[in-house]
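In: 3D, please:
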Amino acid sequence: MASSQAPPLARLLPSILLGVDLADNLRAHLQDTLLLATLQRNPISGTGFVPKVKKFRVAGIFDSGFWVIRITAWMSEHPELTVRVIDNLKRVIPSGINRAIEAAQGEYVVRLDAHSIPNPDYIERSIIALLQGYGDNVGGIWRIMPGGDGEVPRAIAAAAAHPLGVGGAQYRVGGQPQAVDTVPFGAFRRDIVERIGPYDETLLSNEDYEYNARIRKAGGVVWFDPKIQSTYFARSNFKDLARQYWRYGYWKMQMLRRYPETIRWRQGLPPLLVVSLLGLLFLSIFLGWARWLLIVEVVIYGLMLTFVGLHQAIKITNWYMVFGVPLAILTMHISWGTAFLWSFVKTFFGKIK
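Out: The predicted structure follows:
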């Protein structure tokens, strides 16, 4: 293992990425993200929240001049910091990350997305994990919180943190420190970009998973440490949730075209659910056994969703969860599975090169 002694934090350069679909009530978190990133503990002494990180590269997808004005105003309130806004002409997430990395000057890159807020020791723990040689890209766990006020955001947040909704990804459900397939955001040495290349700008989502797949394929390690923590704000309504998971499912298929060996059995369940429901629904027009099989499937799936909803309702003493959580999980499964299948069909018929 390498020494755990850290270099001066001035050598760190966080890249802070804004997503194109951030809702208005999430955009304010950018300021919290920037501020908390400046108040990281010094990994040399391990004590004191001192503003050692002085430089930022902000690369994002700004859908209005108003948001640039907000960043400029924040910069004027913190003259001790150097914040540089990078043009992201392609207006997609991976190109924003690449432009920020290209402008970076430090030895390390820490990605911080604006729909989340890092813990005060986020950078400290990330850099120390890299220095100790645990992985080539390190990340931690999300504490998922509602993206707004009200029962619907609370139900969506609960669904986004439940294994039935999102599978067994450690960064969502927790676990011991270990090598994993992917981590959210990530922290890595800048030289890894020279070894495996930049983020794939043809992937409009799943760009982080694809990048981690390349790291693993090159013999590197993606490391999960539950002590590296950030708060993630889930979508605030079912429409945005459906759009989010449609994007996830569509681009997951395109990512798997490049790296089919990375597929996991749980990723096949939402498409299988959609295919079985549609197939049995069609066959039930002509075949009695198909009608019964469709009923059995719907009942079993419905009972599973209801059980999760009841469990969440009892857990937080909120009976809206009985209905809200199942509806959120259903939205996630159907959107993800349908988009995955649509992406597959378009690829099969040659509409995606």
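In: CA atoms for contacts and neighbours, from now on please.
Out: OK.
In: ok, now how distant is residue 226 from residue 349?
Out: Using CA to CA, to the nearest Å, residue 226 is found at 42 Å from residue 349.
In: between the two, which one's more packed in?
Out: residue 226 (18 against 9; other CA atoms under 10 Å).
In: can I get the CA coordinates of stretch 312-331 in CSV?
Out: Only the C-alpha atoms of stretch 312-331 are listed here, as CSV (Å, rounded to 0.1, in the frame of the first residue of the first chain):
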residue,chain,number,x,y,z
GLN,A,312,-41.7,1.8,4.2
ALA,A,313,-45.0,3.1,5.6
ILE,A,314,-44.4,1.4,8.9
LYS,A,315,-40.7,2.3,9.0
ILE,A,316,-41.4,6.1,8.7
THR,A,317,-45.0,6.1,9.9
ASN,A,318,-46.3,7.6,6.7
TRP,A,319,-49.2,5.7,5.2
TYR,A,320,-48.9,7.4,1.8
MET,A,321,-45.9,5.2,1.3
VAL,A,322,-48.2,2.2,0.8
PHE,A,323,-49.3,3.7,-2.5
GLY,A,324,-46.4,6.1,-3.4
VAL,A,325,-43.5,3.7,-3.1
PRO,A,326,-45.1,1.0,-5.3
LEU,A,327,-46.0,3.5,-7.9
ALA,A,328,-42.5,5.0,-7.9
ILE,A,329,-40.9,1.5,-8.3
LEU,A,330,-43.4,0.6,-11.0
THR,A,331,-42.5,3.8,-12.8
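In: Would you mark the buried spots in it?
Out: Buried residues in stretch 312-331, counting neighbours by 16 or more other CA atoms under 10 Å, are found at 312-313, 319-331.
In: cool, and stretch 122-140?
Out: 122-131, 133-140.
In: hey, where'd the helices end up in the stretch 51-200 of the chain?
Out: Counting by DSSP state H, counting those that start in this stretch, the stretch 51-200 of the chain has helices at residues 65-77, 93-103, 122-131, 151-160, 163-166, 170-173, 191-196.
In: now swap in the stretch 201-350 of the chain and tell me
Out: Using DSSP H, counting those that start in this stretch, helices in the stretch 201-350 of the chain cover 207-217, 238-258, 269-283, 288-316, 321-348.
In: Figure out how far the shortest one is from the centre of its chain.
Out: What that stands for is helix 207-217. Its chain's C-alpha centre and that of helix 207-217 lie 14 Å apart, by CA atoms, centre = their mean, to the nearest Å.
In: Any regions of the stretch 51-200 of the chain where pLDDT drops low?
Out: The stretch 51-200 of the chain contains residues with pLDDT under 70 at 51-68, 80-82, 114.
In: can you rerun that using 50?
Out: 51-54, 61-63 (pLDDT under 50).
In: ok, now the stretch 251-353 of the chain?
Out: Residues of the stretch 251-353 of the chain meeting the criterion pLDDT under 50: none.
In: Quick check: residue 84 vs residue 95, distance?
Out: Note on residue 84: its distance to residue 95, by CA to CA, is 16 Å.
In: ah, wrong one, I meant residue 231
Out: Distance from residue 231 to residue 95, by CA to CA: 24 Å.
In: Compare those two (neighbour count), which wins?
Out: More crowded of residue 231 and residue 95, by other CA under 10 Å: residue 95, with 25 against 15.
In: need the contact list for the more buried one.
Out: Residues in contact with residue 95 (CA atoms under 8 Å, 6 or more residues apart in numbering) are 88, 199, 200, 201.
In: can you put the helices of the stretch 201-350 of the chain in JSON lines and add distance to residue 107?
Out: JSON lines is the format used below for the helices of the stretch 201-350 of the chain (distance: least, CA to CA, whole Å):
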{"stretch": "helix 207-217", "distance to residue 107": "18"}
{"stretch": "helix 238-258", "distance to residue 107": "28"}
{"stretch": "helix 269-283", "distance to residue 107": "40"}
{"stretch": "helix 288-316", "distance to residue 107": "44"}
{"stretch": "helix 321-348", "distance to residue 107": "37"}
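In: closest to residue 180 out of those helices?
Out: In this view, the helices of the stretch 201-350 of the chain are compared for proximity to residue 180 by CA to CA, and helix 207-217 is the closest at 9.4 Å.
In: Any idea which of the helices of the stretch 201-350 of the chain gets closest to residue 160?
Out: Nearest of those to residue 160, taken as CA to CA: helix 321-348 at 7.8 Å.
In: Which residue ranges make up the domains of this protein?
Out: Using automatic domain parsing, the domain ranges for the chain come out as 9-236, 261-348.
In: Buried deepest among those, which one?
Out: Among those, domain 9-236 has the highest mean neighbour count (mean count of other CA atoms under 10 Å), at a mean of 19.
In: My understanding was that residue 321 contacts residue 306; is that so?
Out: No - using CA atoms under 8 Å, residue 321 is not in contact with residue 306, being 9.5 Å away.
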